[in-house]
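A.B. asks: Next input, structure requested:
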Amino acid sequence: MQFSEKRNITRWFIILVSFLIVIVILWNTYVFFQIFKNDERKKMELWVSAQKTLANANENTDVGLPFEIIQSNGSNPMIEVNSEDIILNSNNIDAEIENDSIQLRKLFEKMKSENQPIKMALSNDNYRLIYYGNSRLLNKLKYYPIALVLIIILFGAVVYNFYRATKMATQNKLWAGMAKETAHQIGTPLSSLIGWLEILKLENVDASTIEEIEKDVNRLQTITDRFSKVGSEPVLEMKDIVEETRNSFEYLKSRTSKHVEFSFSGPDEPIMIPINPILHSWTIENLVKNAIDAMKGKGKLNVSITEDKNKVRIKVVDTGKGIPKNQFTKIFEPGFTTKKRGWGLGLSLTKRIVQEYHKGNIRVVSSEIGKGTTIQVSYNKEVL
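C.D. replies: Numbering: from 1, shown residues only. Modelled structure (predicted):
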């Protein structure tokens, strides 16, 4: 058995034992509550018996013990009624409630639901019903199981979050390992392509052709560099965000269908902010490709850059199918996709690059079904 399997079995064993302990405590509390409740009823029945003895007492009756029993019961609220539910007497009830007939009647109805009444027969046709409520201690105790249930729910939520976080951490390590292995595998044929490119230069091949091949080879090197950085903390450099964004934009424009009308707008002067050029290029590429997919390869796409005192904002606007408002945040979740063929990782990866690595923000500014979507990336001019 592998170590990871043993660890999972141990983890689930601990979780199961913890739940069993909490359930046993809950069950024992319930049993104790019922025992205590039965003891209180026996005391009340003894009190009623003593009350009956006093009611039927004569000169020769020893009332010492019955009187002592009646005096000793000072915790349970009681209401005495006749056969027509008319309140005749009450005991151990706050004076404020006892002097208010409406409040006293409400308390009487509550007692009816708490405990069965005890019948006190005075004669063949004359009897009283004694209704009683739970003592203060029992009232406190009955909320204890509720507290335990809440503890179980909280404990379950903590265990679930712990398990989910552990699973996500394992998945992140797996994806990072796969990404680095992919970068390593791409590196070998890429080195050969660079060698062949140098041979083509010596063969006097058309310069424009070589230039385009060089761009694609450089692109492959960029992609390899991206994958090698997955799972590692990227290094931020002071770069011109306008130039970096424009370069990525122009590269994608030259390799996209002519049915897409591209436009770019931004300040003429440089805007220097701390970014990782490779990862920022990946961000722009994901947003532009996502916009092209939303337009099904035909429409208008605009990338614009604006700035204020503290932030730089990049907007990507398309004329695609749009996004429902209830999906504005979901599109950035891992695995969410509306495509028949897709992993749903592009925008979630973009969000991670922007928010975790660059301490920026990404959101859907606006979207209208059938008209298009505007997504905005915001970067701080200084590292927070």
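A.B. asks: which residues touch stretch 152-163?
C.D. replies: 11, 15, 18-19, 22-23, 26 (C-beta atoms under 8 Å, 6 or more residues apart in numbering). Bear in mind the C-beta positions are built from the backbone N, C-alpha and C, glycine included.
A.B. asks: can you check stretch 126-138 too?
C.D. replies: 33, 36-37, 40, 44, 47-48, 51, 75-83, 85, 88, 107-108, 110-112, 114-115, 117-122, 142.
A.B. asks: about what we covered before: and the contacts of stretch 152-163 as a markdown table, adding pLDDT, distance to residue 305 and secondary structure?
C.D. replies: Output for the contacts of stretch 152-163, formatted as a markdown table (pLDDT from 0 to 100; distance: C-beta to C-beta, whole Å; DSSP: H, G, I helix; E, B strand; the rest coil):
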| residue | pLDDT | distance to residue 305 | secondary structure |
| --- | --- | --- | --- |
| 11 | 70 | 49 | helix |
| 15 | 73 | 51 | helix |
| 18 | 74 | 54 | helix |
| 19 | 76 | 54 | helix |
| 22 | 75 | 56 | helix |
| 23 | 80 | 59 | helix |
| 26 | 77 | 60 | helix |
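A.B. asks: Just the buried ones out of those residues, please.
C.D. replies: Those of these that meet the buried threshold are 15, 22, 26, by 16 or more other C-beta atoms under 10 Å.
A.B. asks: nearest to residue 272, of the residues you listed?
C.D. replies: When the buried ones among the contacts of stretch 152-163 are compared for distance to residue 272 (C-beta to C-beta), residue 15 wins out at 51.6 Å.
A.B. asks: quick one: contacts for the spatially closest residue to residue 325 that is not a sequence neighbour?
C.D. replies: Among residues not flanking residue 325 along the chain, residue 367 sits closest, at 7.4 Å (C-beta to C-beta, 6 or more residues apart in numbering). By C-beta under 8 Å, 6+ apart, the contact list for residue 367 reads 322-325, 328, 373-374.
A.B. asks: do residue 219 as well
C.D. replies: Listed by C-beta under 8 Å, 6+ apart, the contact partners of residue 219 are residue 251.
A.B. asks: What helix or strand is it located in?
C.D. replies: helix 207-229 (DSSP states H and E).
A.B. asks: Next, give me the two most distant ones among the contacts of residue 367.
C.D. replies: Using C-beta to C-beta, the pair of the contacts of residue 367 lying farthest apart is 324 and 374, separated by 14.8 Å.
A.B. asks: Neighbour count: the two, which is higher?
C.D. replies: The neighbour comparison of residue 324 against residue 374 (other C-beta atoms under 10 Å) goes to residue 374, with 17 against 10.
A.B. asks: Now do the same for the more buried one: helix, strand or coil?
C.D. replies: Classification of residue 374 using DSSP: H, G, I helix; E, B strand; the rest coil returns strand.
A.B. asks: again, but for residue 234
C.D. replies: Applying three-state DSSP: residue 234 is coil.
A.B. asks: Distance of it relative to residue 45?
C.D. replies: 78 Å (C-beta to C-beta, to the nearest Å).
A.B. asks: And for residue 27?
C.D. replies: For residue 27, the distance to residue 45 - C-beta to C-beta - is 27 Å.
A.B. asks: Residue 192 now?
C.D. replies: Residue 192 is 97 Å from residue 45, by C-beta to C-beta.
A.B. asks: Looking at the two, which one has more neighbours?
C.D. replies: The neighbour count for residue 192 versus residue 45, taken as other C-beta under 10 Å, is higher for residue 45 (13 against 9).
A.B. asks: Now render the contacts of stretch 152-163 as JSON lines, adding distance to residue 205.
C.D. replies: Formatted as JSON lines, those follow (distance: C-beta to C-beta, whole Å):
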{"residue": "11", "distance to residue 205": "61"}
{"residue": "15", "distance to residue 205": "65"}
{"residue": "18", "distance to residue 205": "70"}
{"residue": "19", "distance to residue 205": "71"}
{"residue": "22", "distance to residue 205": "75"}
{"residue": "23", "distance to residue 205": "77"}
{"residue": "26", "distance to residue 205": "80"}
